[in-house]
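Novice: fold the stuff below for me.
(one chain, ligands or ions: 1)
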Amino acid sequence: MIFRLIIFAIIGIVIYRLIGGKIPFLDRREDVINDDDFTKIAPTSECAECGTYMTEDDAIIYHKKSYCSNECLEKAQKRIR
Ligand SMILES: [Zn+2]
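Specialist: Residues are numbered from 1 along each chain as shown. Got it, this is the predicted structure:
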């Protein structure tokens, strides 16, 4: 009888977690990781043409300079020529 109750309790917890429920003691570590994501700052660089700041993921690197968009890159290329 007690064995059945334990199985029902485990099934209940599994369903609860599948729905999206959180158990404070077990999920504390995940919450800490999420906090780290919020405090991380993406490295930024300045557009060599218009001075806009963007993340390095968005930047277009050309001749060791970063540009915010293809437009700025083309403007810079025209100026060089
Ligand atoms: Zn730009």
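Novice: tell me where the protein has helices.
Specialist: 2-19, 24-39, 70-80 (DSSP state H).
Novice: looking at this structure, which helix or strand is least sure?
Specialist: Using mean pLDDT, DSSP states H and E, the weakest-scoring helix or strand in the chain turns out to be helix 24-39, at a mean of 62.
Novice: tell me how far residue 4 lies from the ion.
Specialist: Distance, residue 4 to the ion, by Cβ to the ion, to the nearest Å: 67 Å. In this view, the C-beta of every residue, glycine as well, is placed from N, C-alpha and C.
Novice: okay, and the beta partners of the closest residue to residue 59 other than its chain neighbours?
Specialist: Nearest-residue entry for residue 59: residue 66, 4.0 Å, with adjacent residues in sequence omitted and distances by Cβ to Cβ, 6 or more residues apart in numbering. Beta-bridge partners recorded for residue 66 (DSSP bridges): residue 61.
Novice: can you count the residues close to residue 66?
Specialist: Using other Cβ atoms under 10 Å, residue 66 has 19 other residues around it.
Novice: residue 58 is in contact with that one, correct?
Specialist: No. Using Cβ atoms under 8 Å, residue 66 is not in contact with residue 58, being 9.3 Å away.
Novice: and the nearest residue in space to residue 53 that is not next to it in sequence, how many neighbours?
Specialist: Nearest non-adjacent residue to residue 53, counting by Cβ to Cβ, 6+ apart: residue 44, 5.0 Å away. Residue 44: 13 surrounding residues under other Cβ under 10 Å.
Novice: for beta bridges, what are the partners of residue 44?
Specialist: Assigned bridge partners for residue 44, using DSSP bridges, are residue 55.
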